[in-house]
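Chemist: 3D model of this:
(one chain, ligands or ions: 1)
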Amino acid sequence: MRPPYLLLDVDGVFIPFPDAEGAGPETHTRHDVVPTGRTADNPVTIWLNPAHGPLLMHVIRTGLVIPVWCTSWRQDATTLLGPLLGIPPLPHVDLPRPQITTSHPNGYLWKRDHVDAWLGDAPAVWIDDDFTDLDHEWARERTARGQETALVQPDPQVGLLAEHLVEVLAWVARADALCVACEAEAA
Ligand SMILES: [Mg+2]
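Modeler: Residues are numbered from 1 along each chain as shown. Below is the predicted model of the structure:
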C-alpha cells in the first residue's frame, strides 16, 4: 500500500473543548493566537498540549503516513499552531467556509465531501472528533472498494491521546499486511 494520508483535525483533537470555566485540561497550556481575519486586539484563546508535537513527530518520522491538516483553521494550522506544537509546516486540505450552523448539515461531517474529492482513491487515516455513523459507513465503503480508510475519533473534551496515534500506526501496519496479501493473491 502506498503511504496513507494522515488527516488531522484541530478543534476537539489538538485543542480540546474548554470546560465550563473556559479552561483546558491540566495537560494543556493556554495560548492567545490571532487567526487570519482577526486583529491583534481580538485574539483567540486556545489550549495546546506540549506533548502532542513530539508524539506526532514520532509518527511522522516513521514515514508510514503523509500528514495533512484537515481543519477549519486551514493555513493557520501550519502558521500558528504548528510552531506552538513544534510541528514543521504541513500541507492542508483547503476546506471552504460554508455557512452552516451544524457540523453535520447532511447527517455527516461537513468536511467529508471535500476530503473525499481531495483524496481521490488514496488511502487515508483521519483523526477528527466529529464523525457520525454515516462517516464510519463511508470509511467502510471506501475500504471495501480497496481505498483503505480508517477514522480515529478522540473525545472532544479530552482531545488527542497517545493511544490514538498507536491506533493509527497499528492500522497502517494491518492495512499494509492486508494489501500485501491481496496483491500476492492477485499475482
Ligand atoms: Mg473537530
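Chemist: now could you export just the CA positions of stretch 179-187 as CSV?
Modeler: This file holds the C-alpha atoms of stretch 179-187, laid out as CSV (Å, rounded to 0.1, in the frame of the first residue of the first chain):
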residue,chain,number,x,y,z
CYS,A,179,-2.6,-5.2,0.9
VAL,A,180,0.5,-7.4,0.6
ALA,A,181,-1.8,-10.4,1.0
CYS,A,182,-4.3,-9.3,-1.7
GLU,A,183,-1.6,-8.2,-4.1
ALA,A,184,0.1,-11.7,-3.7
GLU,A,185,-3.3,-13.3,-4.3
ALA,A,186,-3.9,-11.2,-7.5
ALA,A,187,-0.4,-12.0,-8.8
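Chemist: for the closest residue to Pro105 other than its chain neighbours, phi and psi?
Modeler: Leaving aside its chain neighbours, Pro105 sits nearest to Pro98 (7.6 Å; criterion: C-beta to C-beta, 6 or more residues apart in numbering). All C-beta atoms are positioned from the backbone trio N, CA, C, and that covers glycine. The phi/psi pair for Pro98 (degrees, to the nearest 10) reads phi -70, psi 150.
Chemist: just checking, Pro98 touches Trp110?
Modeler: Yes: contact criterion C-beta atoms under 8 Å: Pro98 and Trp110 qualify, at 6.1 Å.
Chemist: in the protein, which helix has the most residues?
Modeler: Counting by DSSP state H, the longest helix found in the chain is helix 162-186.
Chemist: quick one: pLDDT of the residue of the chain found nearest the ion?
Modeler: Closest contact between the chain and the ion, by C-beta to the ion, is at Gly12 (3.6 Å). At Gly12, the pLDDT value in this model is 96.
Chemist: For it, give me its contacts.
Modeler: By C-beta atoms under 8 Å, 6 or more residues apart in numbering, Gly12 lies in contact with Asp128, Asp129, Asp130, Pro154, Pro156, Gly159.
Chemist: cool, and Trp171?
Modeler: Listed by C-beta under 8 Å, 6+ apart, the contact partners of Trp171 are Val125, Ala150, Val152.
Chemist: Does the first one belong to a helix, a strand or coil?
Modeler: What that stands for is Val125. strand (DSSP: H, G, I helix; E, B strand; the rest coil).
Chemist: Make 76 the first number, not 1, from now on.
Modeler: Fine by me, first position is 76 from now on; the one you just mentioned is Val200.
Chemist: Quick one: residues contacting it.
Modeler: Counted by C-beta under 8 Å, 6+ apart, Val200 has contacts Pro79, Tyr80, Leu81, Leu82, Val140, Thr224, Ala225, Leu226, Val227, Val243, Trp246, Val247.
Chemist: cool, and the second one?
Modeler: Residues near Ala225 by C-beta under 8 Å, 6+ apart: Ala199, Val200, Trp201, Ala214, Thr218, Val243, Trp246, Ala250.
Chemist: Separate out the buried members of those.
Modeler: Neighbour counting with 16 or more other C-beta atoms under 10 Å marks Ala199, Val200, Trp201, Ala214, Val243, Trp246, Ala250 as buried within the contacts of Ala225.
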